[in-house]
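> A structural model of the following input is requested.
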Amino acid sequence: MGSDQELVLHGRGGVSAGWSGGVVLVRDRFVEHRIPVQVIERVELTGRRVQLVLRVGGASGSEYLVRARSGPAATEFVRVVRAAVESAGPVAGGAVHTVRRPAAPGRPPRSRAWLLVLFLLCPVGLSIAAGGGARVAQVVVGWFCGSLVTGFGAALLFGARAEWRNRRLYLRGVSVMAELTGQELVDVPDQEPPHHRRRRLAYGFTDLKGVRRTYRTERSPSDEVRAEVELSYDPADPQQVVEGAPTAWTTVGAVLVVLLLGLPATAAGLGLIGVALAAPFVGP
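Model (predicted):
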């Protein structure tokens with residue numbers, strides 16, 4: 001394949017990279033960076049982590065990181081960009097062009113009716129297989145109640161996991177005070193007042209390598225805007241950032257939620273679903 005082909009590398013955390021016409025496009029939800037190949041010093045690949053290191057003279061030694069979803073896609077992307085970097089060579093006057101991305105238009109709603117129909121038909125089919133009688137009640141109660149309880153428990157486990165991950169990042173990451181560098185009000189599609197507008201904030205900080213980083217977040221327009229916030233970032237991956245100190249319940253509270261609510265609720269819900277699935281096959 002030639003280096004003039006167009007490529008798109010889908011990454012995690014809403015970050016993606018593209019290659020087209022000698023320019024690398026790094027996008028997130030807020031901005032798009034157009035990086036000419038001439039200002040790229042090297043392209044590093046570690047597992048699925050693609051890192052673009054720019055020349056100091058061209059772009060202040062900045063780095064851009066994309067955590068790819070596909071290993072082969074990351075390998076192909078790095079191969080193409082490296083070949084272009086080696087053939088282009090450095091030029092004077094190259095610079096990264098950064099533009100703000102407009103709010104994404106509302107996606108047309110996709111029909112999920114078939115999922116609802118499938119969910120409703122499952123207990124009907126099991127009830128028919130149960131042949132009537134008391135086992136029909138076991139099927140209906142087990143299926144519907146089990147699904148609700150399992151969903152509740154899974155949501156608690158997911159929330160506790162996110163809180164625990166933020167706590168680990170705060171304790172083991174590098175803490176800095178970031179300064180407010182920009183803010184803007186944006187309209188949110190398909191939202192009614194007062195939720196139809198959000199305030200986008202940008203905070204700047206310098207990492208251990210001396211690279212200037214930007215942390216972006218969204219707030220309600222009525223929330224207080226602080227000139228400085230405390231951030232903690234992972235030195236191995238500065239795009240992993242958590243704002244502020246962990247709340248009081250992140251240690252004990254997360255454990256209690258998991259042990260007292262999350263795990264029991266999930267186990268109970270799966271048990272009810274198991275009763276529904278087994279009812280047609282047990283004896284009268």
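> Every contact and neighbour count from this point should use C-alpha atoms.
Will do.
> least trustworthy helix or strand in the chain by mean pLDDT?
Lowest by mean pLDDT, DSSP states H and E among the helices and strands of the chain is helix 56-59, with a mean of 53.
> Need the CA coordinates for the next helix or strand after that helix. PDB is fine.
Sequence order places strand 63-67 as the next helix or strand after helix 56-59, per DSSP states H and E. C-alpha atoms of strand 63-67 as PDB (Å, rounded to 0.1, in the frame of the first residue of the first chain):
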ATOM      1  CA  GLU A  63       3.200  14.600  21.800                       C
ATOM      2  CA  TYR A  64      -0.100  13.100  20.700                       C
ATOM      3  CA  LEU A  65      -1.300   9.700  21.900                       C
ATOM      4  CA  VAL A  66      -4.000   7.400  20.500                       C
ATOM      5  CA  ARG A  67      -4.900   4.100  22.300                       C
END
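> Specify the angle between the next helix-or-strand element following strand 63-67 and strand 63-67 in degrees.
Per DSSP H and E, strand 63-67 leads on to helix 71-88 as the next helix or strand towards the C-terminus. Going by axes from the mean of the first three to the mean of the last three Cα atoms, to 10 degrees, helix 71-88 is angled at 150 degrees with respect to strand 63-67.
> Need the mean per-residue confidence for helix 71-88.
Averaged over helix 71-88, pLDDT sits at 87.
> by contact count, what packs against it?
strand 7-10, strand 40-46, strand 49-54 (3 or more Cα pairs under 8 Å, 6 or more residues apart in numbering; DSSP states H and E).
> Give me the below-cutoff pLDDT ranges for this structure.
1-5, 56-61, 89-94, 101-112, 126-135, 189-196, 246-251, 281-284 (pLDDT under 70).
> Quick check: longest helix in it by residues?
helix 134-172 (DSSP state H).
> so how far is that helix off the chain centroid?
20 Å (Cα atoms, centre = their mean, to the nearest Å).
> just stretch 76-91 next, same as before
Worked out by Cα atoms, centre = their mean, stretch 76-91 lies 28 Å from the chain centre.
> Alpha carbons only: can I get it in PDB?
What follows is stretch 76-91 as a C-alpha-only set of coordinates in PDB (Å, rounded to 0.1, in the frame of the first residue of the first chain):
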ATOM      1  CA  GLU A  76      -0.600  -0.500   9.600                       C
ATOM      2  CA  PHE A  77      -1.200   3.200  10.600                       C
ATOM      3  CA  VAL A  78       2.300   3.500  12.100                       C
ATOM      4  CA  ARG A  79       3.900   1.800   9.100                       C
ATOM      5  CA  VAL A  80       2.300   4.300   6.600                       C
ATOM      6  CA  VAL A  81       3.000   7.400   8.700                       C
ATOM      7  CA  ARG A  82       6.600   6.300   9.400                       C
ATOM      8  CA  ALA A  83       7.200   5.800   5.700                       C
ATOM      9  CA  ALA A  84       5.900   9.300   5.000                       C
ATOM     10  CA  VAL A  85       8.000  10.800   7.800                       C
ATOM     11  CA  GLU A  86      11.200   9.200   6.400                       C
ATOM     12  CA  SER A  87      10.500  10.400   2.800                       C
ATOM     13  CA  ALA A  88       9.300  13.900   3.700                       C
ATOM     14  CA  GLY A  89      12.100  15.000   6.100                       C
ATOM     15  CA  PRO A  90      11.900  18.200   8.200                       C
ATOM     16  CA  VAL A  91      11.000  21.600   6.700                       C
END
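> so how far does stretch 177-197 reach from one end to the other?
27 Å (Cα to Cα, to the nearest Å).
> In the stretch 151-284 of the chain, what residue spans correspond to strands?
Under the criterion DSSP state E, counting those that start in this stretch, the stretch 151-284 of the chain contains strands at 174-187, 197-206, 212-219, 228-234, 237-243.
> Can I get those in CSV including distance to L260?
Shown next, in CSV, are the strands of the stretch 151-284 of the chain (distance: least, Cα to Cα, whole Å):
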stretch, distance to L260
strand 174-187, 32
strand 197-206, 36
strand 212-219, 32
strand 228-234, 30
strand 237-243, 27
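> quick one: which of these is nearest P264?
strand 237-243 (29.5 Å; Cα to Cα).
> what residues does that closest one touch?
Identification of contacts with strand 237-243 by Cα atoms under 8 Å, 6 or more residues apart in numbering yields 65, 166, 169-170, 207, 215, 229-234.
> Understood, closing this out.
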